[in-house]
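In: Return atomic coordinates for the entry below.
(one chain, ligands or ions: 1)
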Amino acid sequence: LKSLSNILELQSWATAHSMAPSLAAFVNYGSEDEESLRANRNGFSQYSLRPRVLCNVSRVDTTTTILQGRISLSAPIGIAPFAGCRAVHPEGEIAIAKAAAQAGIVYTVPNWAATPLTDILDNSTCSSNDTSSSLLFQIYAHKPKFPNREGFDRAHMAALLDYLAHPHSEQQQRTSNSTKSKIVGVVLTCDTVNNGNREKTYKNPTWVANLTRETGGGFPAPCALQDANRLPPVAQQGHAASMTWDDIRFLKQECHKHHLALVLKGIMSGDDAVLAAQIGVNAICVSNHGGRQLDGTQSTIQALEECAAAVQDFYTNKNSNNTNRMEIFVDGGIRRGKDVAKCLALGAKCVFVGRPVLWGLALAGQDGVARALNILQEELTTVLQLMGCRTPQQLTRQHVVAREDEQR
Ligand code: FNR
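Out: Model (predicted):
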């Protein structure tokens, strides 16, 4: 592992040696022509760093907080939610949760995790010291029970939030020390009203057959919420395509009741960023689902710039002070410390990574995830020093220049 010096090397090794071809396809590919997938990576080259020198950077402190101080992090980096990771490594979510807790990085548990949530929580407490760790939980909104109703199933959603706020039964709480880990917020994925046009995987019968053959059955069944017997069953499988901002208002109120932060994932325009800020969600995550949903979008770093500017205008016009401002996160194609730095300079409070963690997981389970996180943290520290910044918070819009249009 030590000989793999960056995320791109982790990617090559994991793809060549640690994942069956059908699984590598599931992880690596995007939808349709993969324009969004490529845009995410290429987007970073469209912004240049603008360093300052002679700033006394002998000590760099990468720590930060997110969600209005609810979560403390060792660096402004989090793990995005991804289903299917137990097909990548048998320890799946547990390995990721352990590595994240030890690195002081937040993990977003996916709605379709194949490990019970209480097991993930029990394993995400830092063993080296007594600090508790915080997790986010990604939710999909389910179709309403009655077909003539619009939006998502509100009864199910309310019960789900209640469960996420107190996932352990009273007996479990008494017998384990697991209360130290908890779900601090929910991340609603908004860009998955259908399943994208993933021609190389879900839509390809050869891939489906190969996945079954090469991985001995494909994906373990989702069971994150198996202990949640308080949850009313969802009437129909599938995501609520009729969901609107009205549902987000309801969700915000429910989250508030349960002291859960609310993050909207999959925002790709300044207009939607402003609507989210108006409703008062705690954060948005600018994301195109790693290029797996709508193909042909702009890169997430471009969308981040657009969203940050729109949200800035919104708060300026409102004459609002700085307290409780909606935060902006971003994911998609982040592979280097310099990518993280560009996102922070453009206004992101935190970045999230998806595939780098899966490549690490494929290579060596928990140790591989730890290696991926460590590479990003070390690179970020080096970049901050070279940028003349002692903390991530010192990175501002002045530290990046968008390359001229003709060069793009
Ligand atoms: C995902 N992603 C995702 N997002 C989500 O909200 N729920 C999910 O279940 C999944 N599942 C999933 C599986 C796999 C294999 C991948 C690669 C991605 C999207 C994910 O959260 C994130 O947006 C992207 O992965 C970020 O881009 P990078 O870092 O992978 O380029």
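In: Now do the contacts for the residue of the chain found nearest the ligand.
Out: Per Cβ to the nearest ligand atom, residue 354 is where the chain lies closest to the ligand, at 2.2 Å. Heads up, the C-betas are built off the backbone N, CA and C, glycines and all. Residues counted as contacts of residue 354 (Cβ atoms under 8 Å, 6 or more residues apart in numbering) are 79, 80, 82, 290, 331.
In: Might you list the low-confidence residue ranges for the stretch 101-250 of the chain?
Out: Counting by pLDDT under 70, the stretch 101-250 of the chain contains low-confidence ranges at 126-132, 170-180, 233-237.
In: what's the burial count for residue 41?
Out: A count of nearby residues for residue 41, using other Cβ atoms under 10 Å, gives 16.
In: Now do the helix or strand encompassing it: distance to the chain's middle.
Out: Using DSSP states H and E, residue 41 maps to helix 35-45. Distance of helix 35-45 from its chain centroid, counting by Cα atoms, centre = their mean, to the nearest Å, is 17 Å.
In: Kindly report the same for stretch 342-358.
Out: 9 Å.
In: Span of it from start to end?
Out: 23 Å (Cα to Cα, to the nearest Å).
In: Tell me the neighbouring strands of the helix or strand following the helix holding residue 41, and mark each as parallel or antiparallel.
Out: Remark: after helix 35-45, the chain's next helix or strand is strand 47-49, criterion DSSP H and E. In the sheet, strand 47-49 lines up against strand 400-402 (antiparallel) (DSSP bridges).
In: residues making contact with the strand it pairs with?
Out: For strand 400-402, using Cβ under 8 Å, 6+ apart, the contacting residues are 46, 47, 48, 49, 50, 305, 342, 345, 346.
In: Give me the neighbour count for the closest residue to residue 48 other than its chain neighbours.
Out: Spatially, and ignoring its direct neighbours in sequence, residue 48 is nearest to residue 401 (5.0 Å; Cβ to Cβ, 6 or more residues apart in numbering). For residue 401, the count of nearby residues is 12 (other Cβ under 10 Å).
In: do residue 318 as well
Out: 10.
In: and what of residue 9?
Out: Per other Cβ under 10 Å, the neighbour tally for residue 9 reads 13.
In: next one: the one 5 residues further on
Out: Each residue near residue 14 was counted by other Cβ under 10 Å, and the total is 27.
In: Make sure it is indeed in a strand.
Out: No - read with DSSP: H, G, I helix; E, B strand; the rest coil, residue 14 is helix and lies in no strand.
In: nearest spatial neighbour of it, skipping sequence neighbours?
Out: Spatial nearest neighbour of residue 14, chain neighbours left out: residue 359 (3.8 Å); criterion: Cβ to Cβ, 6+ apart.
In: My read is that the one you found contacts residue 9, right?
Out: No - between residue 359 and residue 9 there is no contact under Cβ atoms under 8 Å: 9.4 Å.
In: Doesn't residue 225 lie inside a strand?
Out: No - Residue 225 is assigned coil when assessed by three-state DSSP, not a strand.
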